[in-house]
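K.L.:
just need the structure, nothing else, for what follows:
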Amino acid sequence: MTQRAAPDPANDNKDAPAGGAAKAAPCAICGKPQSAANKPFCSPRCADIDLGRWLNGAYAIPAVDDDDDEDGLSTEREG
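P.N.:
Take a look at the predicted model:
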């Protein structure tokens, strides 16, 4: 018969869920706990808010025009 070692209090992680699973991140919109059916959101409402932001361009990265070189002179030739 094999004996188990006593748990090491230095490695005791009281915040970790049972079974060694990682703690779920909060909802990407409101910060409430995620639901499995609407991951990474907590509800269909938060998922719809995020979709609306995507469709309205709220997550767009601003474009930079390449009209000028680093020295500020135009690279286009007139002719």
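
K.L.:
could you use CA atoms for every contact and neighbour count after this?
P.N.:
Will do.

K.L.:
show me the contact partners of stretch 33-44.
P.N.:
24, 25, 26, 27, 28, 29, 32, 47 (CA atoms under 8 Å, 6 or more residues apart in numbering).

K.L.:
endpoints of that stretch, how far apart?
P.N.:
End-to-end distance for stretch 33-44, by CA to CA, to the nearest Å: 13 Å.

K.L.:
so for that stretch, what's the average pLDDT?
P.N.:
The average pLDDT for stretch 33-44 rounds to 94.

K.L.:
now do the buried residues in it.
P.N.:
33, 34, 39, 40, 41, 42, 43 (16 or more other CA atoms under 10 Å).

K.L.:
if you look at these, which of them are in strands?
P.N.:
Counting by DSSP state E, no part of those is found in strands.

K.L.:
in CSV, list those residues along with distance to residue 60.
P.N.:
Listed next are the buried residues of stretch 33-44 as CSV, based on distance: CA to CA, whole Å:
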residue, distance to residue 60
33, 26
34, 25
39, 22
40, 20
41, 20
42, 24
43, 24
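
K.L.:
list just the nearest of the residues you listed to residue 63.
P.N.:
Closest approach between the buried residues of stretch 33-44 and residue 63, by CA to CA: residue 40, at 28.1 Å.

K.L.:
buried residues in stretch 45-60, which are they?
P.N.:
For stretch 45-60, by 16+ other CA under 10 Å, it's 46, 47, 50.

K.L.:
ranges for the helices of the chain?
P.N.:
44-56 (DSSP state H).

K.L.:
how many residues are close by residue 63?
P.N.:
Residue 63: 6 surrounding residues under other CA atoms under 10 Å.
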